[in-house]
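Engineer: Fold the stuff below for me.
(2 chains, ligands or ions: 1)
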Amino acid sequence: MTTEPRHPHLLKMTDPPTIVGHRCVTCERVAFPPDPYGCEKCGSPASTFEQWDLEARGSVQAVATVHRHHRSTPVTPFTVGVIGLVGGPVVKAIVEGDSVVVGSTVEGFLTPGEQDDDGNVIVDLHFRVVQ
Amino acid sequence: MNAPKLLSDRPVFVVGIGLHRYQRRSDATYVSLGLTAVREALVDAGLEWTDVEAAYTGTALLGMGASRIMLSRLGATGIPMTQVENASASGSSAIAQACLEVASGRSDVVVALGVDKPRGGLGAAPGEAGINNLEGGSVVPFTHFALLASEYMNLHEVSDEQVAKVAVKNHRNGSQNPFAQRQKVRTLEEILTEPISGSLTRLQCCPVGEGAAAVIIASEDGINRLQIDRSRAMQVVASATKTEGLYGEGVGIDAALTAETGAAAFEEASLGPSDLDVLEVHDAFAIEELLYAEALGLCQPGEAASRIESGDFDIGGSCAFSPSGGLLAMGHPIGPTGVGQVAEVVRQLRGEAGTRQQSDARVGMAHMVGIGAVCVVHILRKP
Ligand SMILES: [Zn+2]
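Structural biologist: This is a model prediction of the structure:
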């Protein structure tokens, strides 16, 4: 049995955790999520990309608490934020705690969630407000 | 390359409109829904099915090969039939193809219809692209728009109640439309109950049901040869389609894409936002009407909420927004939606919209966006 990120190519289980994006060597565009196909800015194939680590820290641009969801997880209500990472890209992720507002500075943390059919623990990246 | 100005060189007109009411999924087959709309459009135009030279069917949910099993029941005339899929803009793109076919001179009379039945889930291809994200499926479309609402309301100091007034207006308009899925007047208090995501409540999210809509597109030659009533023929003066470009990080893609597509349509028509009397806008979620009012240039950034409150976008205001009830009240059965918008604009320009008539309407726009992201805009004018 393992403990792994839901999508291992997006996230490194370092302390603090690291988000993995890509950088196009040709046009220098940094993007998240890392794309397996090609660059939306210059058209270079993904084979020319380099992996690009992004700090899991940023500023909340928008926030919404979800009251209805079509799956049993995450359990409602949960809160989703649009987070402008300090490294440039914008991500959407679950933000825990009641104090998040637009403009909050947030940091990522690893949260072990559901288990898959083989008992492996799936780890997600959530964010929380930096006090 | 200089694109030929097809729509001005060989003008095209909507000469017939027909709808099947948008409604919750029922036992009716899509064939009966579609035939209802096409038969009504033929009667409206005073045409026979044998006058129609080609058909484009906008559908996103039915699966392959929807057209012939349906339209051959008007007579298996052997005309070319093509399904058009462009997510929520499928019907709009069917109209774009029909206009192109008539403007090119290939045909004089073409039908564009939209028909769909919900089958549970949208089956959207981008979800199959193998590109995963951090949120692990927690951000569905209504939360995407709830987040846009959060950003907008924070930036422009707009309240939940102000956004909800879009839904009050569109439900009121829908109550006057016999083809609308939701035909009840709703109070602000009713709109604000039943939270779904962020500030969005159930009645600020469009219902996705079933239905059908059809329009018949014709050339001048077709109108003359078939003696179609010229006074009820409304000209299509712009047909613009764009897909999402690469905008800056954090820029709302939906509004940016709409701004680009709207600008292209206005340029093609040699018209501007102040010329619009009627606007059928993609209001799948209430916040969108505010975003697109500004993106299309009908008011300044941050001004849309106060313009709604002032009644300026009501029927009887400077530009009637979604007089049909929009996606919020008329409904969003996917394939039909964009065709139903054009049918409403035509009805308004003809002066046949009854109790929801925008007085002296001369120019109208129909605007759809779809997953992908795509945006399709048509402008129609009373000749
Ligand atoms: Zn590049």
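Engineer: Residue numbers of chain A in contact with chain B?
Structural biologist: Proximity of chain A to chain B is confined to A:6-7, A:9-11, A:19, A:33, A:35-36, A:40-41, A:61-71, A:74, A:78, A:80-82, A:84, A:88-94, A:102, A:124-125 under the rule Cβ under 8 Å from any Cβ of the partner chain. From N, CA and C alone the C-beta is placed, and that goes for glycine too.
Engineer: Looking at these, which are in strands?
Structural biologist: A:11, A:19, A:61-66, A:78, A:80-82, A:84, A:90-94, A:124-125 (DSSP state E).
Engineer: Select only the buried ones of the residues of chain A next to chain B in PyMOL?
Structural biologist: A single PyMOL command selects the buried members of the residues of chain A next to chain B (16 or more other Cβ atoms under 10 Å in any protein chain shown):
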select buried, chain A and resi 6+7+10+11+19+33+35+61+62+63+64+65+66+67+68+69+74+78+80+81+82+84+88+89+90+91+92+93+94+102+124+125
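Engineer: what residue is smack in the middle of chain B?
Structural biologist: Nearest to the mean C-alpha position of chain B, by Cα atoms, centre = their mean, lies residue B:338 at 3.0 Å.
Engineer: Return the helix or strand hosting that residue as CSV; C-alpha atoms alone will do.
Structural biologist: Under the criterion of DSSP states H and E, residue B:338 resides in helix B:337-350. Extracted C-alpha coordinates of helix B:337-350, given in CSV (Å, rounded to 0.1, in the frame of the first residue of the first chain):
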residue,chain,number,x,y,z
THR,B,337,-30.4,27.2,-27.4
GLY,B,338,-28.5,29.2,-30.0
VAL,B,339,-31.3,28.7,-32.6
GLY,B,340,-34.0,29.7,-30.1
GLN,B,341,-32.1,32.9,-29.4
VAL,B,342,-32.1,33.8,-33.1
ALA,B,343,-35.8,32.9,-33.3
GLU,B,344,-36.5,35.3,-30.5
VAL,B,345,-34.4,38.1,-32.1
VAL,B,346,-36.4,37.6,-35.3
ARG,B,347,-39.7,37.7,-33.5
GLN,B,348,-38.7,40.9,-31.8
LEU,B,349,-37.5,42.5,-35.0
ARG,B,350,-40.7,41.5,-36.7
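Engineer: helix or strand right after it?
Structural biologist: Following helix B:337-350 toward the C-terminus (DSSP H and E): strand B:363-370.
Engineer: Return the list of helices and strands in contact with the helix holding residue B:338.
Structural biologist: If contacts are counted by 3 or more Cβ pairs under 8 Å, 6 or more residues apart in numbering or on different chains; DSSP states H and E, helix B:337-350 sits against strand B:12-23, helix B:90-103, strand B:109-116, strand B:210-219, strand B:234-243, strand B:278-280, strand B:363-370, strand B:374-381.
Engineer: List the strands paired with the third one, with their directions.
Structural biologist: So that's strand B:109-116. strand B:54-58 (parallel), strand B:210-219 (antiparallel) (DSSP bridges).
Engineer: Can I get these in TSV including distance to the ion, mean pLDDT and mean neighbour count?
Structural biologist: Output for the strands paired with strand B:109-116, formatted as TSV (distance: least, Cβ to the ion, whole Å; pLDDT from 0 to 100; neighbours: other Cβ atoms under 10 Å in any protein chain shown):
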stretch	distance to the ion	mean pLDDT	mean neighbour count
strand B:54-58	35	98	27
strand B:210-219	41	98	30
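Engineer: These: which one's closest to residue B:255?
Structural biologist: With Cβ to Cβ, the closest approach to residue B:255 among these belongs to strand B:54-58: 24.0 Å.
Engineer: got the angle for that closest one vs helix B:337-350?
Structural biologist: 120 degrees (axes from the mean of the first three to the mean of the last three Cα atoms, to 10 degrees).
Engineer: buried stuff in whichever strand or helix holds residue B:35?
Structural biologist: According to DSSP H and E, residue B:35 maps onto helix B:30-45. Residues of helix B:30-45 classed as buried: B:30-31, B:33-42, B:44-45 (neighbour count, 16+ other Cβ under 10 Å).
Engineer: now stretch B:272-286
Structural biologist: Here stretch B:272-286 shows B:273, B:275-286 as buried, counting by 16+ other Cβ under 10 Å.
Engineer: how about it, does it get close to chain A?
Structural biologist: No - Stretch B:272-286 stays clear of chain A (Cβ under 8 Å from any Cβ), getting no nearer than 11.5 Å.
Engineer: got the CA coordinates for that stretch in CSV?
Structural biologist: The C-alpha coordinates for stretch B:272-286 follow below in CSV (Å, rounded to 0.1, in the frame of the first residue of the first chain):
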residue,chain,number,x,y,z
GLY,B,272,-21.8,49.2,-32.5
PRO,B,273,-23.2,48.3,-29.1
SER,B,274,-25.4,51.4,-28.9
ASP,B,275,-27.2,50.1,-32.0
LEU,B,276,-28.6,47.0,-30.2
ASP,B,277,-32.3,47.1,-29.3
VAL,B,278,-32.4,43.4,-28.3
LEU,B,279,-29.6,41.1,-27.0
GLU,B,280,-30.1,37.4,-26.3
VAL,B,281,-27.0,36.6,-24.2
HIS,B,282,-25.5,33.4,-22.8
ASP,B,283,-26.8,33.8,-19.3
ALA,B,284,-26.4,30.1,-18.2
PHE,B,285,-25.5,31.6,-14.8
ALA,B,286,-26.8,35.0,-13.6
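Engineer: what's the span of stretch B:235-253, first residue to last?
Structural biologist: Start-to-end span of stretch B:235-253 (Cα to Cα, to the nearest Å) is 30 Å.
Engineer: Next, whichever residue of chain B sits closest to the ion: secondary structure please.
Structural biologist: Nearest residue of chain B to the ion, counting by Cβ to the ion: residue B:246, 10.0 Å away. Three-state assignment for residue B:246 (DSSP: H, G, I helix; E, B strand; the rest coil): coil.
Engineer: pLDDT score for it?
Structural biologist: We have a pLDDT of 92 for residue B:246.
Engineer: Leaving out chain neighbours, which residue sits closest to it?
Structural biologist: In space, and not counting its chain neighbours, residue B:246 is closest to residue A:40: 5.2 Å by Cβ to Cβ, 6 or more residues apart in numbering or on different chains.
Engineer: residues touching that neighbour, list them.
Structural biologist: A:29, A:31, B:246 (Cβ atoms under 8 Å, 6 or more residues apart in numbering or on different chains).
Engineer: Roughly how far does the residue nearest to residue B:259 when sequence neighbours are not counted sit from chain A?
Structural biologist: Spatial nearest neighbour of residue B:259, chain neighbours left out: residue B:295 (4.2 Å); criterion: Cβ to Cβ, 6+ apart. Here residue B:295 is placed at a distance of 17 Å from chain A (Cβ to the nearest Cβ, to the nearest Å).
Engineer: Over to residue B:249?
Structural biologist: As judged by Cβ to the nearest Cβ, residue B:249 and chain A stand 5 Å apart.
Engineer: quick one: that residue and residue A:91 touch, right?
Structural biologist: No - contact criterion Cβ atoms under 8 Å: residue B:249 and residue A:91 do not qualify, at 10.2 Å.
Engineer: list the contacts for the nearest residue to residue B:28 once chain neighbours are set aside?
Structural biologist: Spatial nearest neighbour of residue B:28, chain neighbours left out: residue B:210 (7.1 Å); criterion: Cβ to Cβ, 6+ apart. The contact partners of residue B:210, by Cβ under 8 Å, 6+ apart, come to B:22-26, B:28, B:30, B:33, B:116-118, B:333.
Engineer: Would you list the buried entries among these?
Structural biologist: B:22-23, B:30, B:33, B:116-117, B:333.
Engineer: how about these in a markdown table, adding pLDDT?
Structural biologist: As requested, these are exported to a markdown table (pLDDT from 0 to 100):
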| residue | pLDDT |
| --- | --- |
| B:22 | 98 |
| B:23 | 98 |
| B:30 | 98 |
| B:33 | 98 |
| B:116 | 98 |
| B:117 | 95 |
| B:333 | 98 |
